[in-house]
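Colleague: Next one to model:
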Amino acid sequence: MQWLELTIQTSSAGIELLAERLTVLGYDSFIMDDQAEFDDFLENNKQYWDYVDEDLAKQMEGLSQIRLYLEDGPGAMDAVSDLKTQMALLKQQYPKVDLGSLEIGLANLKDEDWENNWKQYYQPLPIGKRLLVVPQWLSPENSEGRLPILLDPGMIFGTGAHASTQMCMIAMENLIRGGERVIDLGSGSGILSITALLLGAATATGVDIDPKAEDIARENAAINDLHADRFTAATGDVIGDRTMMERLAQGGYDMVLANIVADVIIPLSQVVPHFLRKDGVFICSGILDQRLDEVRAAIEGASLRIDAVNTMEDWCQITARLA
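Modeller: Numbering: from 1, shown residues only. Alright, predicted model coming up:
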């Protein structure tokens, strides 16, 4: 099936009015791209990251548009013509509002462009000495006999490509001996929990504040034939919810994982000792090198002893134990 992608150029001041008009016209599914909203989102959610991809920031620079899709068949060009008329009327109705140009651009798409083209960007990824992250639709040659970790990268929250994730996986590869009880705080896609289990851990619990992550982690675990007897997913905030923290901490863990950002790891360090068994290990990552000293101080201030600090690109990973 062929589709038309319509891109309507507008402004930050006019994007809401344009979206409202499109809804009135019966377009109930469209995508809004706006730099001002992007910047506001980053400003109001700083606790979730220390770094934003420069290419993405450049892509959003000066951008304010709405994209929508029409089936490319009889009547499609009439619909485009009607939209152009409506854009002119919108400008007449709001002469004092900067609505931008409201110009409409057209591009042709096919169903397969949406559904499959993104898959070409995901290839098997060797990590460390033994691990291989594999998009679940591929069956690659594995001449080195690496341990495959199947993942659906179409799901959000982490694919293993980022340096911080790779360092956590390498640390687990070196430290897991078999039979461990593991908890992953900020589990996202579940990749670290899944890796721990495939390396030989007995059980793993993935915890994330985003409820969508819980289902995604379960689905990725199931792809690897890991089910409720070994993997548990939960939604919650172990920093702000003491009841949940105490419930999850019962019995203790041999390994606590946290691949998040410095601003979360710093307060999280205070609760990590509640989760660790006597000889347990804390593996954390997602720390930009300029934040390393702050995170080290927080970890050491929580009666944890730092065993190792590893770096990759601009990122750091820390391994620590109870002092």
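Colleague: and after the lowest-mean-pLDDT helix or strand in the chain, which helix or strand comes next?
Modeller: Of all helical and strand segments in the chain, the minimum by mean pLDDT, DSSP states H and E falls on helix 111-115, at a mean of 55. Once the chain leaves helix 111-115, the next helix or strand it forms, by DSSP states H and E, is strand 125-127.
Colleague: Could you identify the helix or strand that succeeds that following strand?
Modeller: strand 131-135.
Colleague: Strand partners (parallel or antiparallel) of the helix or strand that comes right after that next one?
Modeller: Using DSSP H and E, the helix or strand that follows strand 131-135 in sequence is strand 147-151. Partner strands and pairing direction for strand 147-151 (DSSP bridges) are strand 131-135 (parallel).
Colleague: contacts for the partner strand?
Modeller: Residues from elsewhere that reach strand 131-135 (Cβ atoms under 8 Å, 6 or more residues apart in numbering): 119, 122-127, 140, 142, 144, 146-153, 159-160, 169, 173, 191, 195. For every residue, glycine as well, the C-beta is placed using N, CA and C.
Colleague: Pull out the buried members of the residues you listed.
Modeller: Those of these that meet the buried threshold are 122, 125, 127, 146-151, 153, 159-160, 169, 173, 191, 195, by 16 or more other Cβ atoms under 10 Å.
Colleague: what about the helices in the stretch 201-323 of the chain?
Modeller: Taking DSSP state H, counting those that start in this stretch to define them, one finds helices in the stretch 201-323 of the chain at 211-223, 242-249, 262-268, 272-275, 292-301.
Colleague: Are there helices or strands packed against the longest one, and which ones?
Modeller: Contact here means 3 or more Cβ pairs under 8 Å, 6 or more residues apart in numbering; DSSP states H and E; on that basis helix 211-223 packs against strand 147-151, helix 191-198, strand 203-208, strand 231-235.
Colleague: Quick one: work out the angle between the longest one and strand 203-208.
Modeller: If I follow you right, that is helix 191-198. If you take axes from the mean of the first three to the mean of the last three Cα atoms, to 10 degrees, helix 191-198 sits at 180 degrees to strand 203-208.
Colleague: what do you get for the first one?
Modeller: Relative orientation of strand 147-151 versus strand 203-208 (the same axes, to 10 degrees): 30 degrees.
Colleague: In PDB, list the C-alpha atoms belonging to strand 147-151.
Modeller: Output of strand 147-151 as PDB, limited to C-alpha atoms (Å, rounded to 0.1, in the frame of the first residue of the first chain):
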ATOM      1  CA  LEU A 147      26.300 -16.300  24.200                       C
ATOM      2  CA  PRO A 148      23.400 -14.800  22.200                       C
ATOM      3  CA  ILE A 149      21.200 -12.300  23.900                       C
ATOM      4  CA  LEU A 150      18.000 -11.900  21.900                       C
ATOM      5  CA  LEU A 151      16.400  -8.400  21.900                       C
END
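Colleague: That one: how far from the chain's middle?
Modeller: Relative to its chain's centre, strand 147-151 lies at 18 Å (Cα atoms, centre = their mean, to the nearest Å).
Colleague: what angle separates the very next helix or strand once past that strand from helix 191-198?
Modeller: Downstream of strand 147-151, the next assigned helix or strand under DSSP H and E is helix 163-175. In terms of direction (the same axes, to 10 degrees), helix 163-175 departs from helix 191-198 by 20 degrees.
Colleague: downstream neighbour of helix 163-175 in the secondary structure list?
Modeller: In N-to-C order, the element after helix 163-175 by DSSP H and E is strand 181-185.
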